[in-house]
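> Using only what follows, build the 3D model:
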Amino acid sequence: MTIVSEQRRDSLLGMIEQAWKDRGYTFTHANKSRKFPRIHASTPDGYSLSVEVGGEGQFFLKAATPCLRDTDVQQPITPENTPHRSGPFPQRPDEQDEFWSATTPAQQ
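As a prediction, the model looks like this:
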């Protein structure tokens, strides 16, 4: 829920893209839109991943698995450690971060 400023979005996307390249992921699509950029990739074992920038600099990570057989999944036993949010989906980002929310370009 961190606000990523327009000046820092390319840096974050670049870090994600480099991390995925380092892991051997194949890039399947990129949209270099200034307002709503996104990247899509697939992993060697068949997972599909995407990172999309939405309104107000909110980042969305999506993942899709290859076909799996049904198994019983236990409920999580770790308590939630994030604040409960209510309202329409998707929630708007509202967390300011000293680095990612800054309105100056990131130093490379």
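
> can you confirm residue 49 is in a strand?
Yes: looking at residue 49 with DSSP: H, G, I helix; E, B strand; the rest coil, it is inside a strand.

> and residue 20, how many neighbours does it have?
Neighbour count for residue 20, taken as other CB atoms under 10 Å: 18. Yep, even glycine has a C-beta here, placed from its N, CA and C like the rest.

> Is it correct that residue 11 is in contact with residue 107?
No: applying CB atoms under 8 Å, one finds residue 11 not in contact with residue 107, separated by 9.4 Å.

> what about these two, which has more around it?
Shown here are residue 11 and residue 107; by other CB under 10 Å, residue 11 has more neighbours (17 against 5).

> On the three-state scheme, the closest residue in space to the more buried one that isn't next to it in sequence is what?
Among residues not flanking residue 11 along the chain, residue 106 sits closest, at 4.1 Å (CB to CB, 6 or more residues apart in numbering). Using three-state DSSP, the secondary structure recorded for residue 106 is coil.

> how near is residue 106 to residue 8?
As judged by CB to CB, to the nearest Å, residue 106 and residue 8 stand 5 Å apart.

> Same check on residue 85?
23 Å.

> if you count what's nearby, which of the two comes out ahead?
residue 8 (20 against 10).

> Quickly note the distance from that one to residue 24.
Counting by CB to CB - residue 8 and residue 24 are separated by 27 Å.
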